[in-house]
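Engineer: Mind folding the following:
(one chain, ligands or ions: 1)
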Amino acid sequence: MLRFLTAGESHGVGLVTIVDGLPAGLRFTADGLAGELARRRQGYGRGPRMRIERDEIEIIAGIRFGLTTGAPVAVVIRNTEAERWKDELDPAPGGRPKRLLTTPRPGHADLPGMQKYDTGDARPILERASARETAARAVAGYAAEELLAALGVSVVGSVVQIGGETASRAATVAERELIEASPTRSVDGAEAMMMAIDRAKADRDTLGGIFAVVAEGVPAGLGSHTQWDRRLDGLLGRALLSIPAVKGVEIGDAFATAAGPGSAAHDEIDTDRRRLSNRAGGVEGGMSNGEPIVVKAAMKPLSTLMRPLRTVDVATGGADVAFRERSDVCAVPAASVVGEHMVAWTLAVAFVEMFGGDTITDVQERVAAYRARLDER
Ligand code: EPS
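Structural biologist: The predicted structure follows:
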C-alpha cells in the first residue's frame, strides 16, 4: 500500500512528509525534489513570501545513493522564516500570542476551525489550513511522478482560466518545459490572464480560476467499477478537492456534456479500441480507458483580502471586518502544480495497488506484461 502523511505549520520550523510503500530502486534525489518545489513556488500572482522562501530540503530516511530502498521515505522542508515566528509558535509551555486573531476571514478555515477546536484565536487554525502544506505534498508528488515515468506515464498540470480570462486549451506533455519556465505563459491567453491578476492586485482583491491536469500513457483498467471506493474518477475527485480552495472538479467535458444528448456525449470506439474523441476525459465506469486522463479543478479566489469582508469579532460578539495577513493575489498557477502532484499520486497508488511489487523492476515487468495482454486481445 502506498500512502503519505504531512505535518507542519505554515510558519513553523518546517514541513515533514512521510511516504510509505514506494518500491525499491526508484530514482529520488534532492535536486529532483527541489525542481518540483520550485515549480510549485513560482507563478504569477504569488505574494512576497515566495520570493524569500527557499524550501530547504533534508532527506531523513528511505533513500540511498539517489534511489529508494523500500523503507519509508521521510523528508523535512525547512521554513526560511521560522526564526521570526519562534515566539508566536513556541511549542514550550507558558508562551502567549502577541495578539489574538478574533475576526475570522469569510471563506477561510478560520471560523469553523475555531468553533471545532474551541479556540478564541485563528492562529492555530490558519497555520495548518495554509496552502503552505502543499509544499509537503510535492514530496509525494515527486515520488509519484518518478514512479509513473518509470512506467511510461507523464502528468502535466496547467492553468486554463484566471478569473474570467481563459487559455485556449490545457497544455500538453510536450509543453511541460515551457510551463516550467513560467506556469502562466504556457498557452495562448496567458497575457490576458496575467493582466487579470495585475488588475486584481491593483484593486487589492484576489482571483481564482481553473487548472487542468492531463495524464498520458495510462493503460485501460486502472481503478475499478466493482466498488464505490475503487472508482478512479472518485479517487481523482477526492485528491483534487483536498487541495485548499479547490471547490469543483470536472472529469473530461462533464459539464458541457450534461447540457446535450447522449449522442453528443459519448466517445465512439474505433476497431483498435481507441476512442474517436475524449469527452469522457479518459475514464469510463470508474476505470481508465486508455485515452489521456483529463481533469479540471476550479479554485475559488483566495479568502485573505487586503480589502477585508464583513465578519464577527468572536471576542466581543460585535460586527467587524476580517483580519489581514500577508498573502498571494492568485495561486492558481501554483495549484496547477499541486493538482499535477495529486493526480500523479492517485495514479501511482492505483498502479501499485493493481501491480504490486517490491522493486520498481518488478512493477515495470508486471505493467509491461499487462500492456502486452491488452495489445494482444
Ligand atoms: C498562505 C499565505 C502566504 C503564502 C503561503 C500560503 O504565506 P505568508 O502568509 O507566510 O506570506 O505565501 O504559501 C506558501 C508559503 C507556500 O509555500 O505555498 C496561506 O495563507 O495559505
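Engineer: Distance of residue 205 relative to residue 303?
Structural biologist: Separation of residue 205 from residue 303 (C-beta to C-beta, to the nearest Å): 11 Å. From N, CA and C alone the C-beta is placed, and that goes for glycine too.
Engineer: Check what pLDDT the residue in the stretch 251-377 of the chain positioned nearest to the ligand gets.
Structural biologist: Minimum separation of the stretch 251-377 of the chain from the ligand (C-beta to the nearest ligand atom) falls at residue 326, amounting to 4.0 Å. Note on residue 326: pLDDT of 86.
Engineer: Assign a three-state SS to residue 157, would you?
Structural biologist: Secondary structure for residue 157, judged by DSSP: H, G, I helix; E, B strand; the rest coil, is strand.
Engineer: list the contacts for residue 41?
Structural biologist: 50, 53, 55, 135, 334 (C-beta atoms under 8 Å, 6 or more residues apart in numbering).
Engineer: same deal with residue 325?
Structural biologist: When contacts are taken as C-beta under 8 Å, 6+ apart, residue 325 is in contact with 126, 304.
Engineer: I'd assumed it was in a helix, is it?
Structural biologist: No. Counting by three-state DSSP, residue 325 falls outside a helix, being coil.
Engineer: quick one: the helices in the stretch 151-300 of the chain?
Structural biologist: Applying DSSP state H, counting those that start in this stretch to the stretch 151-300 of the chain gives helices spanning 176-181, 190-202, 232-241, 254-257.
Engineer: Dump these to CSV, plus mean neighbour count.
Structural biologist: Below are those laid out as CSV (neighbours: other C-beta atoms under 10 Å):
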stretch, mean neighbour count
helix 176-181, 15
helix 190-202, 17
helix 232-241, 21
helix 254-257, 14
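Engineer: Just put these in JSON lines and tack on mean pLDDT and distance to residue 359.
Structural biologist: Below are the helices of the stretch 151-300 of the chain laid out as JSON lines (pLDDT from 0 to 100; distance: least, C-beta to C-beta, whole Å):
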{"stretch": "helix 176-181", "mean pLDDT": "52", "distance to residue 359": "27"}
{"stretch": "helix 190-202", "mean pLDDT": "92", "distance to residue 359": "42"}
{"stretch": "helix 232-241", "mean pLDDT": "98", "distance to residue 359": "25"}
{"stretch": "helix 254-257", "mean pLDDT": "97", "distance to residue 359": "38"}
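Engineer: Relative to the ligand, which of these is closest?
Structural biologist: Going by C-beta to the nearest ligand atom, the one of the helices of the stretch 151-300 of the chain nearest the ligand is helix 190-202, 14.4 Å.
Engineer: CA atoms of the closest one as CSV?
Structural biologist: Once non-C-alpha atoms are left out, helix 190-202 reads as follows in CSV (Å, rounded to 0.1, in the frame of the first residue of the first chain):
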residue,chain,number,x,y,z
ALA,A,190,-1.6,33.9,-20.9
GLU,A,191,-1.1,37.6,-21.3
ALA,A,192,-4.8,38.3,-20.6
MET,A,193,-4.6,36.0,-17.5
MET,A,194,-1.6,37.9,-16.1
MET,A,195,-3.3,41.2,-16.7
ALA,A,196,-6.3,40.0,-14.8
ILE,A,197,-4.0,39.2,-11.9
ASP,A,198,-2.4,42.7,-12.2
ARG,A,199,-5.9,44.3,-12.1
ALA,A,200,-6.9,42.3,-9.0
LYS,A,201,-3.7,43.3,-7.3
ALA,A,202,-4.4,46.9,-8.0
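Engineer: partner residues bridging the closest residue to residue 241 other than its chain neighbours?
Structural biologist: With sequence-adjacent residues excluded and distances taken as C-beta to C-beta, 6 or more residues apart in numbering, residue 241 is closest to residue 249, at 5.9 Å. Under DSSP bridges, the beta-bridge partners of residue 249 are residue 297.
Engineer: Output the set of residues of the stretch 251-377 of the chain in proximity to the ligand.
Structural biologist: Residues of the stretch 251-377 of the chain lying near the ligand by C-beta under 6 Å from any ligand atom: 304, 325-328.
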